[in-house]
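**Q** Fold the stuff below for me.
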Amino acid sequence: MVEPVTPAKQRRSGTPLTAAPAPRIPVLAFGMSLGLFLALTFVLCVGFDLLFPGQAMYRSWLRLLPGFTWLTWRSFLLGLVESFAYGWYVALVFGPLFNFFSRRWTR
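**A** Numbering: from 1, shown residues only. Model (predicted):
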(Lines give C-alpha, C1' and ligand atoms only; values in the text may rest on other atoms or scores of the structure.)
Protein backbone atom coordinates (compact mmCIF):
# COMPACT_ATOMS: atom_id res chain seq x y z
CA MET A 1 0.00 0.00 0.00
CA VAL A 2 1.30 3.43 -0.92
CA GLU A 3 1.45 5.89 1.90
CA PRO A 4 -0.22 9.24 1.07
CA VAL A 5 2.14 12.20 0.80
CA THR A 6 1.38 14.81 3.42
CA PRO A 7 2.69 18.37 3.31
CA ALA A 8 5.10 17.54 6.11
CA LYS A 9 6.62 14.69 4.05
CA GLN A 10 6.80 16.52 0.73
CA ARG A 11 10.24 17.30 -0.53
CA ARG A 12 10.85 20.89 -1.12
CA SER A 13 12.19 21.80 -4.51
CA GLY A 14 13.78 24.92 -5.86
CA THR A 15 16.08 27.42 -4.24
CA PRO A 16 15.53 27.94 -0.54
CA LEU A 17 14.71 31.53 0.35
CA THR A 18 16.82 33.27 2.90
CA ALA A 19 15.12 35.34 5.53
CA ALA A 20 15.79 39.05 5.32
CA PRO A 21 17.85 40.28 8.24
CA ALA A 22 16.10 42.46 10.79
CA PRO A 23 16.47 46.17 9.99
CA ARG A 24 18.93 47.91 12.25
CA ILE A 25 19.62 51.53 13.02
CA PRO A 26 23.33 52.33 13.34
CA VAL A 27 23.23 54.41 16.52
CA LEU A 28 26.39 56.44 15.79
CA ALA A 29 25.17 57.56 12.36
CA PHE A 30 21.67 58.16 13.73
CA GLY A 31 23.02 60.26 16.62
CA MET A 32 25.19 62.42 14.39
CA SER A 33 22.42 62.86 11.83
CA LEU A 34 19.73 63.73 14.33
CA GLY A 35 22.04 65.93 16.43
CA LEU A 36 23.12 67.95 13.40
CA PHE A 37 19.55 68.12 12.11
CA LEU A 38 18.31 69.63 15.40
CA ALA A 39 21.31 71.99 15.63
CA LEU A 40 20.71 73.21 12.07
CA THR A 41 17.00 73.59 12.81
CA PHE A 42 17.88 75.69 15.87
CA VAL A 43 20.13 77.96 13.76
CA LEU A 44 17.41 78.36 11.12
CA CYS A 45 14.78 79.16 13.75
CA VAL A 46 16.99 81.78 15.41
CA GLY A 47 17.62 83.31 11.99
CA PHE A 48 13.87 83.32 11.29
CA ASP A 49 13.23 85.03 14.64
CA LEU A 50 15.79 87.72 13.82
CA LEU A 51 14.36 88.31 10.33
CA PHE A 52 10.70 88.26 11.39
CA PRO A 53 10.50 89.48 15.00
CA GLY A 54 6.70 89.70 14.88
CA GLN A 55 6.54 85.93 14.22
CA ALA A 56 9.30 85.02 16.70
CA MET A 57 9.31 81.62 18.35
CA TYR A 58 12.06 82.33 20.87
CA ARG A 59 9.66 81.97 23.80
CA SER A 60 9.45 78.29 22.90
CA TRP A 61 13.24 78.02 23.01
CA LEU A 62 13.22 79.59 26.47
CA ARG A 63 11.05 76.73 27.74
CA LEU A 64 12.78 73.91 25.84
CA LEU A 65 16.43 74.83 26.34
CA PRO A 66 17.57 75.25 29.98
CA GLY A 67 19.71 78.36 30.47
CA PHE A 68 18.86 79.82 27.07
CA THR A 69 18.09 83.55 26.99
CA TRP A 70 17.37 85.76 24.00
CA LEU A 71 19.96 86.51 22.46
CA THR A 72 23.63 86.56 23.37
CA TRP A 73 26.49 84.65 21.77
CA ARG A 74 26.85 82.55 24.91
CA SER A 75 23.15 81.75 24.91
CA PHE A 76 23.19 80.96 21.17
CA LEU A 77 26.08 78.51 21.60
CA LEU A 78 24.35 76.95 24.61
CA GLY A 79 21.17 76.46 22.57
CA LEU A 80 23.20 74.95 19.73
CA VAL A 81 24.91 72.47 22.06
CA GLU A 82 21.65 71.59 23.80
CA SER A 83 19.88 71.02 20.47
CA PHE A 84 22.69 68.69 19.36
CA ALA A 85 22.54 66.89 22.73
CA TYR A 86 18.77 66.39 22.40
CA GLY A 87 19.40 64.66 19.07
CA TRP A 88 21.91 62.33 20.69
CA TYR A 89 19.53 61.64 23.56
CA VAL A 90 16.84 60.50 21.12
CA ALA A 91 19.35 58.41 19.16
CA LEU A 92 20.77 56.73 22.28
CA VAL A 93 17.31 55.82 23.56
CA PHE A 94 15.40 55.14 20.33
CA GLY A 95 18.15 53.39 18.32
CA PRO A 96 18.85 50.50 20.73
CA LEU A 97 15.14 50.09 21.50
CA PHE A 98 14.32 49.85 17.80
CA ASN A 99 17.17 47.40 17.21
CA PHE A 100 16.08 45.23 20.13
CA PHE A 101 12.43 45.02 19.11
CA SER A 102 13.11 44.62 15.38
CA ARG A 103 15.46 41.70 16.11
CA ARG A 104 12.96 40.13 18.48
CA TRP A 105 9.91 40.33 16.19
CA THR A 106 11.52 39.34 12.89
CA ARG A 107 12.55 35.85 13.99
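**Q** Would you map the helices across the protein?
**A** All helices of the chain, identified by DSSP state H, fall at 27-51, 58-64, 73-105.
**Q** Determine which of these shows the lowest mean per-residue pLDDT.
**A** Of all the helices of the chain, the minimum mean pLDDT falls on helix 58-64 (a mean of 87).
**Q** Ser83: neighbouring residues, count only.
**A** When neighbours are defined as other C-beta atoms under 10 Å, Ser83 has 23 of them. No exception for glycine: its C-beta is placed from N, CA and C like everyone else's.
**Q** Work out which residue lies at the spatial centre of the protein.
**A** Compute the mean C-alpha point of the chain, and by C-alpha atoms, centre = their mean the closest residue is Ala91, 5.3 Å away.
**Q** list the contacts for the closest residue to Ile25 other than its chain neighbours?
**A** Spatial nearest neighbour of Ile25, excluding adjacent residues (C-beta to C-beta, 6 or more residues apart in numbering): Gly95 at 4.6 Å. Neighbouring residues of Gly95 by C-beta atoms under 8 Å, 6 or more residues apart in numbering: 25-27, 30-31.
**Q** Just the residues contacting stretch 97-107, thanks.
**A** With contact meaning C-beta under 8 Å, 6+ apart, stretch 97-107 is reached by 19-25, 27.
**Q** can you check stretch 52-71 too?
**A** Contacts to stretch 52-71, defined as C-beta under 8 Å, 6+ apart, come from residues 42, 45-46, 48-50, 75, 78-79, 82-83.
**Q** Any of the contacts of Gly95 buried? List them.
**A** 25, 27, 30-31 (16 or more other C-beta atoms under 10 Å).
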